[in-house]
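S.K.: below is the sequence, then the predicted model.
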Number of protein chains: 2
Amino acid sequence: MRLYGYFRSSAAYRVRIALNLKGVAVEHVPVHLLKDGGQQKLPTHLLRNPQALVPVLELDDGTLLTQSLAIIEYLDATFPCPHLIPEDPVLAARVRAVALAISCEIHPLNNLRVLNYLKGQLCQPKEAVDAWISHWMLNGGLEAVEALLPGDEFCFGPAPTLADCFLIPQLFNAKRFNVPYDGLARIRRVEQSCEKLGAFVKAHPAHQPDAE
Amino acid sequence: MRLYGYFRSSAAYRVRIALNLKGVAVEHVPVHLLKDGGQQKLPTHLLRNPQALVPVLELDDGTLLTQSLAIIEYLDATFPCPHLIPEDPVLAARVRAVALAISCEIHPLNNLRVLNYLKGQLCQPKEAVDAWISHWMLNGGLEAVEALLPGDEFCFGPAPTLADCFLIPQLFNAKRFNVPYDGLARIRRVEQSCEKLGAFVKAHPAHQPDAE
């Protein structure tokens, strides 16, 4: 399998964590989101994903899968050890809800193309863009995620799940944009647990071949 | 079961469609997103969902589930007839990817709280807000969804799936904001198929008890 990604894309980072937790090796193919006016917009990549986004997982038969959550659900069905989505439907719903609170309510408002629109089309100065990022990432963002967590070692229980695959990349983004989350004790505890695991360390943007 | 929703919330609309397709009856409890400064922000609702969003599904034992996609995955596991997520992992990934393209890339940028931020904190005039809506809903939004669809009667195949539960509410929003999608032939075909089904008609915002 081949993963088209970008070292700093938090959606690609989520999939890297899931692959590492399952011990599945793939070929990593970088798609540079800033070079060449954005390589994700080139015709070669649009054939892989008409949404012009990473990640894309290419299976050995050439099948192309998009959207990080759909890709991780696929991996969880085909490489079930360890399960990242609990079998109990209620617990599965809680785990997915945290992943979705991050992927639907935080990340879409702070990704590269939205920030470019604020700076470009809406002519917003740096201070307004920084306030926008902080607002959506923290208030009603990570603060609500904190309230959705039970306070375990990982997001839910003693081992990582789908929720941890989504939380850690979002915390990387928070640090990158200087959004403080020190006061969120449950999130901090989960972060410290994940930082001890090779699967998370190896997936970190700084440790990717295309890191700058 | 009880569904806390709002007639015009497209996330609640998705869950209503899924419930109707499965023939599962629930009590509908309206949470008015505009009255009382937003009833979703009242302490009673924050106890149900710290994200201050609808929908919330309350199970008979009082368990509270949030996030429309997580709720529909729960319903698909507990009321499997008809399945809304295919059993084949690759097809499941395609179906989920369309749902996520809508719920992660289109809807979060055009919901009430984001439009309020643009008008309020960023002092954007109506024209700029309309251009924002049209940009994210159409370009790289529904246009990319069109390219992800195979051109079947429904999003994928001869019966509705999770993807249709997400597409139809997004089209309702597009019409509401005068975003034209007549040129998207596959999406239009799916819309016409869904309009013929009672499950979709009954879930429409205009047919809810709290409709205004």
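M.R.: Here it is on my side, so go on. Residues are numbered from 1 along each chain as shown, chains lettered A, B, ... in the order given.

S.K.: only C-alpha atoms for contact and neighbour calcs from this point on.
M.R.: Fine.

S.K.: with adjacent residues omitted, what lies nearest to A:A77?
M.R.: B:P89 (6.6 Å; CA to CA, 6 or more residues apart in numbering or on different chains).

S.K.: swap in A:A11?
M.R.: The spatially closest residue to A:A11, leaving aside those adjacent along the chain, is A:S68, at 5.7 Å (CA to CA, 6+ apart).

S.K.: send the alpha carbons of the lengthiest helix in chain A over as CSV?
M.R.: Using DSSP state H, we find that the single longest helix of chain A is helix A:162-176. C-alpha atoms of helix A:162-176 as CSV (Å, rounded to 0.1, in the frame of the first residue of the first chain):
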residue,chain,number,x,y,z
LEU,A,162,-9.4,6.1,17.0
ALA,A,163,-9.9,9.1,19.3
ASP,A,164,-6.2,9.2,20.2
CYS,A,165,-5.3,9.0,16.5
PHE,A,166,-7.2,12.2,16.0
LEU,A,167,-6.4,14.1,19.3
ILE,A,168,-2.6,13.9,19.0
PRO,A,169,-2.3,15.6,15.6
GLN,A,170,-4.7,18.3,16.7
LEU,A,171,-2.5,19.0,19.7
PHE,A,172,0.5,19.3,17.4
ASN,A,173,-1.5,21.9,15.5
ALA,A,174,-2.4,23.7,18.7
LYS,A,175,1.3,23.9,19.7
ARG,A,176,2.2,25.1,16.2
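
S.K.: can you name every helix or strand that that helix contacts?
M.R.: Judged by 3 or more CA pairs under 8 Å, 6 or more residues apart in numbering or on different chains; DSSP states H and E, helix A:162-176 is in contact with helix A:10-22, helix A:89-100, helix A:185-195.

S.K.: which residues touch the residue nearest to A:A77?
M.R.: Going by CA atoms under 8 Å, 6 or more residues apart in numbering or on different chains, B:P89 touches A:74, A:77-78.

S.K.: neighbour-wise, which of those residues leads?
M.R.: Within these, most neighbours by other CA atoms under 10 Å in any protein chain shown means A:Y74, with 21 neighbours.

S.K.: gap between that residue and A:L65?
M.R.: Counting by CA to CA, to the nearest Å, the gap from A:Y74 to A:L65 is 9 Å.

S.K.: for A:A203, same thing?
M.R.: A:A203 is 20 Å from A:L65, by CA to CA.

S.K.: check A:V201 too.
M.R.: 25 Å.

S.K.: higher neighbour count, these two?
M.R.: A:L65 (22 against 15).

S.K.: mind listing what's buried in stretch A:158-175?
M.R.: By neighbour count with 16 or more other CA atoms under 10 Å in any protein chain shown, stretch A:158-175 contains the buried residues A:160-174.

S.K.: which among these gets closest to A:V31?
M.R.: Nearest to A:V31 among these, counting by CA to CA, is A:P169 at 18.0 Å.

S.K.: how many other residues sit next to the nearest residue to the closest one once chain neighbours are set aside?
M.R.: Nearest residue to A:P169, sequence neighbours excluded (CA to CA, 6+ apart): A:S10, at 5.1 Å. A count of nearby residues for A:S10, using other CA under 10 Å, gives 28.

S.K.: I figured A:S10 hits A:C165, correct?
M.R.: No. Taking CA atoms under 8 Å as the definition, A:S10 is not a contact partner of A:C165, at 9.8 Å.

S.K.: how about the residues of chain A by chain B?
M.R.: Within chain A, the positions adjacent to chain B are A:50-52, A:65-67, A:69-71, A:73-74, A:77-78, A:89-90, A:92-94, A:96-97, A:100-101, A:103-105, A:108-109, A:122, A:128, A:140-141, A:144-145, A:147-148 by CA under 8 Å from any CA of the partner chain.

S.K.: all strands for chain A, in order.
M.R.: A:2-5, A:27-30, A:56-58, A:64-66 (DSSP state E).

S.K.: could you say what helices and strands the third one packs with?
M.R.: In this case it means strand A:56-58. Contacting strand A:56-58 under the criterion 3+ CA pairs under 8 Å, 6+ apart are the following elements: strand A:2-5, strand A:64-66.

S.K.: any chance of those strands in a markdown table, with distance to A:G37 and mean pLDDT too?
M.R.: Shown next, in a markdown table, are the helices and strands packed on strand A:56-58 (distance: least, CA to CA, whole Å; pLDDT from 0 to 100):
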| stretch | distance to A:G37 | mean pLDDT |
| --- | --- | --- |
| strand A:2-5 | 16 | 98 |
| strand A:64-66 | 21 | 98 |
